[in-house]
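Engineer: Compute the structure for the input listed below.
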Amino acid sequence: MLPAPATSQVLEELTAVAMGRRPAERIVENARLVNVHSQEILEGSVAITSGRIAAVGEVHGSGPDTEVIDAQGAYVLPGYVEPHAHPWMIATPDSYGEYALRRGTTTIAGEMLNMQAETTPTGMRRIHDDLQRMPIRWFWTVRATGQSGEELEEIFPWADWEDYLAHEDVAVLGEVTGWPQALAGDPELLRRIAAARRRGLAVDAHSAGAGPKRIPGLAAAGFTSDHEAITVEEARAALRAGLNVQLRHSSLRPDIETLLPLIQETDAWHRLAITTDGAAPAWSGRYGLADGIVRIPHRARDPDPEGGRSRDPQPGHADRQGPRPRRARARLRGRPADRPRFRRAAARAGHGGRPHGVRARRARGRPLPGRLGRAPDRAAARPRERARRPRELPAALGAARHGRP
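Structural biologist: This is a model prediction of the structure:
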């Protein structure tokens, strides 16, 4: 569980450690400190007490009971923030959070469409309150629209929806897939955007296909961020319109390399973020989460000084090793005619749902076309052997998928 808000006693302890009057509980030394405030990388140490950072840089609070960790020149930086996650797509939220924490992500804004659509506001609050017992900070991204254009009042009644917004950990009105409705002036959607803005929430657009010309309209409709830019032109237009831009890189779309010119040209770092969106388990297990994305711009700016291959390959990167994760493919088992859905479609097509294609022609003793017809026995005698890669699932995500604790 995360530390409680600091009391006066905790503040006194932190101050005493920072000033050297009291030894720290733990010190990480010989580290490269990534200072996100000054935009510097400095050599130094980190002093920790009461579950909080007391001092960074030159630390004097060591004692006989202090645990000292030698970082040996490794980077030490604040925990990553995932601004747009779909934990329900690939695992349970708690197993996703456990895996993210091991990869250095300490804060998640999670969108939970299926839970929000299937439970009451009270049930949703219980789910989110239970997540806060984890040693990771959860924020809740509330949906304003469904995924496929459902009626807003039907899927998210206004009374329930206002109750969601009142939760203290709701930070984002997110994944607004109905952005064309907003641009068309839909009064119900604009009402919800306005309500979220009055509460100080961010409003995130799922603006796939909007293009640079329509992005200014999103800003005018009350959106504050977007995570669907796939070209430098789209991302640049969003920045110029006043939107915060989340640069996505995952199995959904590995776009970070395409967007590298924007990262290199802009000074608006405070308006950029990175997100893995809804990455598949195999991708997350191989490439990580935010910890994997940040390596790509870093390597583009500072390639391996020894000219060797990267130890942590990234898809699409010049140093990539091995094949990319394959997309999951549905395999239809048995003859197509054994499927009721196929039979109905086949009947409409006028051939009564009988099997067709190469296997059907062989079964009926008819000649096969072209090269297949000349050597059916040779083709049958040498069945194709295809090496199957083992599934790469993180332990936590794999356990969740198979129902194990």
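Engineer: Does the helix or strand in which residue 296 is found pack against any helices or strands, and if so which?
Structural biologist: Residue 296 belongs to helix 295-301 when assigned by DSSP states H and E. Using 3 or more Cβ pairs under 8 Å, 6 or more residues apart in numbering; DSSP states H and E, the elements in contact with helix 295-301 are helix 260-265. Every C-beta, even on glycine, is put in place using the N, C-alpha and C of the backbone.
Engineer: need the next SSE after the helix it packs on, C-terminal direction.
Structural biologist: strand 272-275.
Engineer: C-terminal to that following strand, which secondary structure element comes first?
Structural biologist: helix 281-287.
Engineer: tell me what that following helix is packed against?
Structural biologist: Looks like helix 281-287 contacts helix 395-401 (3+ Cβ pairs under 8 Å, 6+ apart).
Engineer: One more pass at 10 Å, please.
Structural biologist: Helices and strands touching helix 281-287, by 3 or more Cβ pairs under 10 Å, 6 or more residues apart in numbering; DSSP states H and E, are helix 87-90, helix 93-102, helix 290-293, helix 395-401.
Engineer: now the longest one: mean pLDDT?
Structural biologist: Meaning helix 93-102. Averaging pLDDT along helix 93-102 gives 90.
Engineer: ditto for the first one
Structural biologist: Helix 87-90 carries an average pLDDT of 77.
Engineer: Kindly export it (C-alpha atoms) in CSV.
Structural biologist: Output of helix 87-90 as CSV, limited to C-alpha atoms (Å, rounded to 0.1, in the frame of the first residue of the first chain):
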residue,chain,number,x,y,z
PRO,A,87,-5.7,-3.3,-18.0
TRP,A,88,-9.0,-5.2,-18.6
MET,A,89,-8.0,-6.0,-22.2
ILE,A,90,-5.2,-8.4,-21.3
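Engineer: still on that earlier bit, now for the helices and strands packed on helix 281-287, which one comes closest to residue 15?
Structural biologist: helix 93-102 (28.3 Å; Cβ to Cβ).
Engineer: in that closest one, what's buried?
Structural biologist: When burial is assessed from 16 or more other Cβ atoms under 10 Å, helix 93-102 yields the following buried residues: 93, 94, 95, 96, 97, 98, 99, 100, 101.
Engineer: Centre of the chain to the helix holding residue 296, how far?
Structural biologist: Put simply, helix 295-301 sits 19 Å off its chain's centre (Cα atoms, centre = their mean, to the nearest Å).
Engineer: ditto for stretch 96-111
Structural biologist: The answer for stretch 96-111 is 9 Å, by Cα atoms, centre = their mean.
Engineer: Could you export it as CSV, CA atoms only?
Structural biologist: The C-alpha trace of stretch 96-111 is given here as CSV (Å, rounded to 0.1, in the frame of the first residue of the first chain):
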residue,chain,number,x,y,z
TYR,A,96,-1.4,-5.7,-14.7
GLY,A,97,-0.4,-3.4,-11.9
GLU,A,98,2.0,-5.9,-10.3
TYR,A,99,3.8,-6.4,-13.6
ALA,A,100,3.9,-2.7,-14.3
LEU,A,101,5.4,-2.0,-10.9
ARG,A,102,8.2,-4.5,-11.6
ARG,A,103,9.0,-2.6,-14.8
GLY,A,104,9.2,0.8,-13.1
THR,A,105,5.7,2.2,-13.6
THR,A,106,4.4,3.5,-10.3
THR,A,107,1.2,5.4,-11.5
ILE,A,108,-1.5,4.2,-13.9
ALA,A,109,-4.5,5.9,-15.3
GLY,A,110,-6.6,2.9,-16.1
GLU,A,111,-9.7,2.8,-18.4
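Engineer: For residue 129, give me its contacts.
Structural biologist: Contacts for residue 129 (Cβ atoms under 10 Å, 6 or more residues apart in numbering) come out as 138, 167, 169.
Engineer: what helix or strand does the first one sit in?
Structural biologist: Using DSSP H and E, residue 138 sits in strand 137-143.
Engineer: the strands in the protein, which residues?
Structural biologist: 26-35, 40-49, 52-57, 67-70, 75-76, 80-85, 105-111, 137-143, 170-176, 202-205, 225-226, 244-248, 272-275 (DSSP state E).
Engineer: Out of those strands, which one sits most buried?
Structural biologist: strand 225-226 (a mean of 26; mean count of other Cβ atoms under 10 Å).
Engineer: low-confidence ranges in the protein?
Structural biologist: In the predicted model, the chain carries pLDDT under 70 at residues 1-5, 148-150, 300-405.
Engineer: So what are the structural domains in it, by residue number?
Structural biologist: For the chain, the structural domains run 8-76, 80-301, going by automatic domain parsing.
Engineer: before we move on, the earlier item: just the buried positions in the helix holding residue 296, please.
Structural biologist: 295, 296, 297, 299.
Engineer: Return the closest of those with respect to residue 208.
Structural biologist: residue 296 (22.1 Å).
Engineer: pretty sure that closest one contacts residue 288?
Structural biologist: No. The pair residue 296 / residue 288 is not scored as a contact, 11.1 Å apart, by Cβ atoms under 10 Å.
Engineer: Contacts only, for residue 237.
Structural biologist: Residue 237 touches 210-216, 218-219, 226, 229, 231, 243, 245, counting by Cβ under 10 Å, 6+ apart.
Engineer: Quick check: it vs residue 67, distance?
Structural biologist: 50 Å (Cβ to Cβ, to the nearest Å).
Engineer: How about residue 107?
Structural biologist: Taking Cβ to Cβ, one finds residue 107 at 25 Å from residue 67.
Engineer: so who does residue 244 touch?
Structural biologist: Contacts of residue 244 by Cβ under 10 Å, 6+ apart are 83, 202, 204, 223-227, 238, 268, 270-273.
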